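*Asks:* Show me the folded form of this:
(chains A and B)
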Amino acid sequence: MPGPDKRCTEDEVVAELSSGMTIGIGGWGSRRKPMSLIRAILRSDLTDLTIVSYGGPDVGLLCRSGKARKVISGFVSLDSIPLEPHYQAARQNGTIQAAEWDEGMLLLGLQAAAWRVPFLPTRAGLGSDVMKNMADLRTVTSPYATVLPGQNVGGEFEELLAVPALELDAALVHQNAADVSGNSVWLGEDPFMDDLFVRAAQRSYVSAERILPTTELAGLGDIAHLKISRMDVTGVIEAPHGAHFTECLPDYSRDEAFQKRYAATAKSDEAWDEFRAEYLDIDEAGYQAKVKELQV
Amino acid sequence: MSDVSTPTPSSTAVTRADICAVAIAEAFRGDGERLCNPIGNLPLIGGRLAAATFEPYLALTDGFYTLMDPQSPDEVPPIALPEAERVAQRTVAHWNPYREMFGLLWQGKRHVMMGATQIDQYGNQNIAAIGDWAQPRRQLLGFRGAPGNTINHTTSYWVPNHSPRVFVPAVDVVCGIGYDRAHALGPVASRFHEVRRVVSNLAVFDFEALDAEGVPTMRLRSLHPGVTLEEVLEATGCDVVIPGDLGESRGPTEQELAQINRLDPRGLRLNEVPES
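*Replies:* Prediction:
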């Protein structure tokens, strides 16, 4: 039987979110970010959000707009522009709280939440200033003795970093295709952690380049690309070009010219206000029309 | 030390950048069947040079989501190719999306060469922030994968701008962990830790010396040709052990120089290490 029809708009998703929530955002850096959903948050009165992300312009925009109170990340980068200028400014001005984890720790935190365990152990982070600066992180002692090669007795009960589960109130991810109930297909070469984000969240929203009949999904790649199940999806948004200006391969590359224009808005309040008025204080259809004009 | 003598010097002009490429390649000598994962232009040239010459079984990353097995030395792809060519020139041997990369590195068969905004005598590295991390004077990349890399597998560093601002007595934020931090964790927790080499535009360093407590500490391994010991010491803000038998970093063989020019046809290495 076909699953339920969960189609909705970006603004309907935002209406289901509330201030103070912890929101996970899929993609990686400036790659396959659910930007049309981010733009909808920017138009809303949501505030005090905790953002969990392999961060790119999603994080920068939410910091610059005063939507983010706290950012938990493995990094925040625009890829072709290594430092995200608005996140950088927010850190230097102290306008947000930051938890900067090792990249792999973020994967484990999402996996722990998705598996409903309170933490997952890792060596990554031990001895580094991740432990010193993120004072809420704890270690755990292995109940099993580690016996090194060459030792046949004794051994040590290893202390490992206990990465806490990143339990999300909501997850936002962008996929290349989905059906009306949320079965989704990623194309390109990396699923990133999108499937973990949707499983780690109470409510998950998938924006997709196109919505197709379920029967057409498996033919887009192979079955390994059917990574997100409708059981983990609350709402589906048809959002062609919705990841713009981040890349969404193979549908489109990053809009480097537009990203440069975005990055330059960190130079002055005037530059930001101008960009905001032109591209963010308008609805998604208006944004897409403006972007199309730029490309002619 | 095989990398401090000059086997067959090349007849054509050798630049400092070529010397650096060879020194970087030498960092991967002996790695065998492991992922050679240099980050940045000169590290990529050096890593691929090693794979195209004396370390043929290294696995190479395409910089994104696959590992490549070029089928001959001349099929090791040049760096900085346009996207279509990059994809066309890679022989995909393994699918390696980010989560798989974490799996690979937690297992340990990887040697990464990262950059360092700051590095100290124990090999602690900072790429996260300058100043107090809580509200930094300058926010940099964040920790990225440095903590997990350094505690799980071999790490080396590349410094294109050797100065006392980079080689510091103590880094502002410890991202990649050095030998003192590893020592404090104890032999079991730190058993996979190895900082092998620091290659700069002036010299090569290793950690084959011990401090008073028996902790491995930075040692000058070789000077690049044309660089004096005084120059290096003046540019180094942390303690460094100077061995009695200090050698010179070797130059490329003819074959290596041909490979360097093939791997970097546009001479991007000269942007990183210009000829003075």
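*Asks:* and the closest residue to chain B within chain A, how many residues sit next to it?
*Replies:* At 3.0 Å from chain B, A:A124 is the closest residue in chain A, using C-beta to the nearest C-beta. In this view, the C-beta of every residue, glycine as well, is placed from N, C-alpha and C. Using other C-beta atoms under 10 Å in any protein chain shown, A:A124 has 29 other residues around it.
*Asks:* try A:R7
*Replies:* A:R7: 16 neighbours (other C-beta under 10 Å).
*Asks:* what sits against it?
*Replies:* Applying C-beta atoms under 8 Å, 6 or more residues apart in numbering or on different chains, we find A:R7 in contact with A:V180, A:I211, A:G235, A:V236, A:I237, A:E238.
*Asks:* Return the subset of the residues you listed lying in strands.
*Replies:* Among those, the ones falling in strands (DSSP state E) are A:I211, A:G235, A:V236, A:I237, A:E238.
*Asks:* In the chain, where is pLDDT below threshold?
*Replies:* By default, I'm working from chain A. Scanning chain A for pLDDT under 70 picks out no residues.
*Asks:* my bad, the chain I had in mind was chain B
*Replies:* B:1-12.
*Asks:* show me where it has helices.
*Replies:* Using DSSP state H, the helices of chain B run over B:16-27, B:41-52, B:83-88, B:98-107, B:146-152, B:179-185, B:229-234, B:254-263, B:269-272.
*Asks:* still on that earlier bit, may I have the residues that are in contact with the residue of chain A closest to chain B?
*Replies:* Counted by C-beta under 8 Å, 6+ apart, A:A124 has contacts A:D102, A:G104, A:M105, A:L108, A:L161, B:W106, B:P147, B:G148, B:I151, B:N152.
*Asks:* Farthest pair within these?
*Replies:* Greatest spatial distance among the contacts of A:A124 (C-beta to C-beta): A:L108 and B:I151, at 14.1 Å.
*Asks:* related to what we said a few turns ago, in JSON lines, list the ones in strands among the contacts of A:R7 along with neighbour count.
*Replies:* Listed next are the ones in strands among the contacts of A:R7 as JSON lines, based on neighbours: other C-beta atoms under 10 Å in any protein chain shown:
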{"residue": "A:I211", "neighbour count": "17"}
{"residue": "A:G235", "neighbour count": "21"}
{"residue": "A:V236", "neighbour count": "25"}
{"residue": "A:I237", "neighbour count": "26"}
{"residue": "A:E238", "neighbour count": "18"}
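*Asks:* Also within reach of chain B: list those from the residues you listed.
*Replies:* Among the ones in strands among the contacts of A:R7, no residue is within reach of chain B (C-beta under 8 Å from any C-beta of the partner chain).
*Asks:* what about the nearest residue to A:V173 once chain neighbours are set aside, neighbour count?
*Replies:* Of all residues not flanking A:V173 in the chain, A:G26 sits nearest, at 3.2 Å (C-beta to C-beta, 6 or more residues apart in numbering or on different chains). For A:G26, the neighbour count with other C-beta under 10 Å is 30.
*Asks:* shouldn't A:G26 be in contact with A:A171?
*Replies:* Yes: between A:G26 and A:A171 there is a contact under C-beta atoms under 8 Å: 6.9 Å.
*Asks:* Pull up the overlap in contacts between the two.
*Replies:* The contact sets of A:G26 and A:A171 overlap at A:F197, A:V198 (C-beta under 8 Å, 6+ apart).
*Asks:* Check which helices and strands the helix or strand hosting A:A289 is in contact with.
*Replies:* Assigning secondary structure by DSSP states H and E places A:A289 in helix A:284-295. Judged by 3 or more C-beta pairs under 8 Å, 6 or more residues apart in numbering or on different chains; DSSP states H and E, helix A:284-295 is in contact with helix A:35-43, helix A:256-264.
*Asks:* Mean neighbour count, the ones you listed: which tops it?
*Replies:* Highest mean neighbour count among these (mean count of other C-beta atoms under 10 Å in any protein chain shown): helix A:35-43, with a mean of 24.
*Asks:* those strands in the stretch 101-250 of chain B, which residues are they?
*Replies:* Under the criterion DSSP state E, counting those that start in this stretch, strands of the stretch 101-250 of chain B are mapped to B:110-115, B:118-119, B:125-126, B:129-130, B:138-139, B:154-159, B:194-200, B:203-210, B:216-223, B:247-248.
*Asks:* does any part of stretch B:39-54 sit near chain A?
*Replies:* No: Stretch B:39-54 lies apart from chain A when judged by C-beta under 8 Å from any C-beta; the minimum separation is 10.9 Å.
*Asks:* now that stretch, how far from the centre of its chain.
*Replies:* Centroid separation for stretch B:39-54 versus its chain: 9 Å, with C-alpha atoms, centre = their mean, to the nearest Å.
*Asks:* cool, and stretch A:95-104?
*Replies:* Its chain's C-alpha centre lies 13 Å from the corresponding centre of stretch A:95-104 when counted by C-alpha atoms, centre = their mean.
*Asks:* Look at that stretch and report the distance between its end residues.
*Replies:* End-to-end distance for stretch A:95-104, by C-alpha to C-alpha, to the nearest Å: 26 Å.
*Asks:* Show me the residue of the stretch 1-150 of chain B that gets nearest to chain A, please.
*Replies:* B:G148 (3.0 Å).
*Asks:* can you pull the contacts of that residue?
*Replies:* Shown in contact with B:G148 (C-beta under 8 Å, 6+ apart): A:D102, A:E103, A:G104, A:M105, A:T122, A:R123, A:A124, A:G125, B:F102, B:L105, B:W106.
*Asks:* what do you get for A:S53?
*Replies:* A:G24, A:I25, A:G27, A:V59, A:V71, A:I72, A:S73, A:V76 are the contacts of A:S53 under C-beta under 8 Å, 6+ apart.
*Asks:* quick one: what helix or strand has it in it?
*Replies:* Judged by DSSP H and E, A:S53 forms part of strand A:49-55.
*Asks:* Please identify the next secondary structure element, helix or strand, after that strand.
*Replies:* Downstream of strand A:49-55 (by DSSP H and E), the next one is helix A:57-64.
*Asks:* Can you name the element that comes right after that following helix?
*Replies:* Heading C-terminal from helix A:57-64 (DSSP H and E), you reach strand A:68-76.
*Asks:* any residues touching that following strand, and which ones?
*Replies:* Outside strand A:68-76, the residues that touch it by C-beta under 8 Å, 6+ apart are A:29, A:47-56, A:59-60, A:62-63, A:84, A:87, A:90, A:96-106, A:109, A:166, B:141-145.
*Asks:* PyMOL command to pick out the buried ones of those?
*Replies:* The PyMOL selection below is limited to those of the contacts of strand A:68-76 classed as buried (16 or more other C-beta atoms under 10 Å in any protein chain shown):
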select buried, (chain A and resi 29+49+50+51+52+53+54+55+56+59+60+62+63+84+87+90+96+98+99+100+101+102+103+104+105+106+109+166) or (chain B and resi 141+142+143+144+145)
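*Asks:* Can you report how many residues lie near residue 57?
*Replies:* As the question left the chain open, I've gone with chain A. A:P57, neighbours per other C-beta under 10 Å, totals 30.
*Asks:* switch to chain B, that's the one I care about
*Replies:* Neighbours of B:Y57 (other C-beta under 10 Å): 11.
*Asks:* got the contact list for it?
*Replies:* B:G32, B:E33.
*Asks:* On the strand side of things, show who the closest residue in space to A:V71 that isn't next to it in sequence bridges to.
*Replies:* Counting by C-beta to C-beta, 6+ apart, A:I51 is the residue found nearest to A:V71 once chain neighbours are left out, at 5.0 Å. Beta-bridge pairing of A:I51 under DSSP bridges involves A:I23, A:V71.
*Asks:* Strands along chain A, start to end?
*Replies:* A:22-25, A:49-55, A:68-76, A:97-100, A:119-122, A:138-146, A:156-164, A:168-178, A:184-185, A:201-211, A:235-238.
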